[in-house]
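Peer 1: what follows is a predicted protein model with its sequence.
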Amino acid sequence: MASSLTCAGIIWAFLSFLCAATSCVGFFMPYWLLGSQLEKSVSFGTFRRCSYPVRDESRQMTVMVEQCGRYASFQAIPSAEWRICTVVTGLGCGLLLLVALTALMGCCVSELISRTVGRVAGGIQFLGG
């Protein structure tokens, strides 16, 4: 397996992958904000939530659902700002993952990453960050 990357490029590829993976895990985990509601601990992030209140129409009261899950729809995300954060963070994670996987392929395939491709990838990483 020949590589088109220098030693610094290989380090960049692995660090890029670690950062992309960390960003994606952080995006999908619902532990951005922690608190309590109706004497239960709750947490939520841009994409998922844990222990959230729902209206029980049969008993005409609000009950806490003590499980984690994603929002039922994009419109169920609490505010427009939170929806924008979800889209921007998701796109950033996607860009970071795209560059990281391309860089890792560059570790195995010769002549895949040239100086120009490396600069473009760095720019995409900057945009994704």
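Peer 2: Looks like it arrived, so ask away. Numbering: from 1, shown residues only.
Peer 1: residue ranges of the helices in the chain, please?
Peer 2: Along the chain, counting by DSSP state H, helices occupy 7-28, 80-108, 115-128.
Peer 1: okay, those helices in JSON lines with mean neighbour count and distance to Gly69 next?
Peer 2: Bear in mind the C-beta positions are built from the backbone N, C-alpha and C, glycine included. Output for the helices of the chain, formatted as JSON lines (neighbours: other C-beta atoms under 10 Å; distance: least, C-beta to C-beta, whole Å):
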{"stretch": "helix 7-28", "mean neighbour count": "16", "distance to Gly69": "12"}
{"stretch": "helix 80-108", "mean neighbour count": "16", "distance to Gly69": "15"}
{"stretch": "helix 115-128", "mean neighbour count": "14", "distance to Gly69": "27"}
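Peer 1: what's the closest of the ones you listed to Cys68?
Peer 2: helix 7-28 (10.6 Å; C-beta to C-beta).
Peer 1: what pLDDT, on average, does that closest one get?
Peer 2: Averaged over helix 7-28, pLDDT sits at 88.
Peer 1: which outside residues touch that helix?
Peer 2: 3, 5, 45-48, 89-90, 92-93, 96-97, 99-101, 103-104, 106-107, 113, 118, 125 (C-beta atoms under 8 Å, 6 or more residues apart in numbering).
Peer 1: against Ala103, how distant is Val88?
Peer 2: Distance of Val88 to Ala103, given as C-beta to C-beta, to the nearest Å: 23 Å.
Peer 1: and if you look at Gly129?
Peer 2: 15 Å.
Peer 1: right, so of the helices of the chain, which gets closest to Gln67?
Peer 2: Of these, nearest to Gln67 by C-beta to C-beta is helix 7-28, at 15.7 Å.
Peer 1: what about dumping the CA coordinates of that closest one to CSV?
Peer 2: Extracted C-alpha coordinates of helix 7-28, given in CSV (Å, rounded to 0.1, in the frame of the first residue of the first chain):
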residue,chain,number,x,y,z
CYS,A,7,4.3,11.8,7.6
ALA,A,8,2.6,15.1,8.5
GLY,A,9,-0.2,14.2,6.1
ILE,A,10,-0.8,10.8,7.7
ILE,A,11,-1.0,12.5,11.1
TRP,A,12,-3.4,15.0,9.7
ALA,A,13,-5.5,12.2,8.3
PHE,A,14,-5.8,10.3,11.6
LEU,A,15,-6.4,13.5,13.6
SER,A,16,-9.0,14.6,11.0
PHE,A,17,-10.8,11.2,11.5
LEU,A,18,-10.7,11.5,15.3
CYS,A,19,-12.1,15.0,15.2
ALA,A,20,-14.8,14.1,12.7
ALA,A,21,-15.8,11.1,14.7
THR,A,22,-15.9,13.1,17.9
SER,A,23,-18.0,15.8,16.2
CYS,A,24,-20.5,13.3,14.9
VAL,A,25,-20.9,11.5,18.2
GLY,A,26,-21.4,14.9,19.9
PHE,A,27,-24.0,15.8,17.3
PHE,A,28,-26.0,12.6,17.9
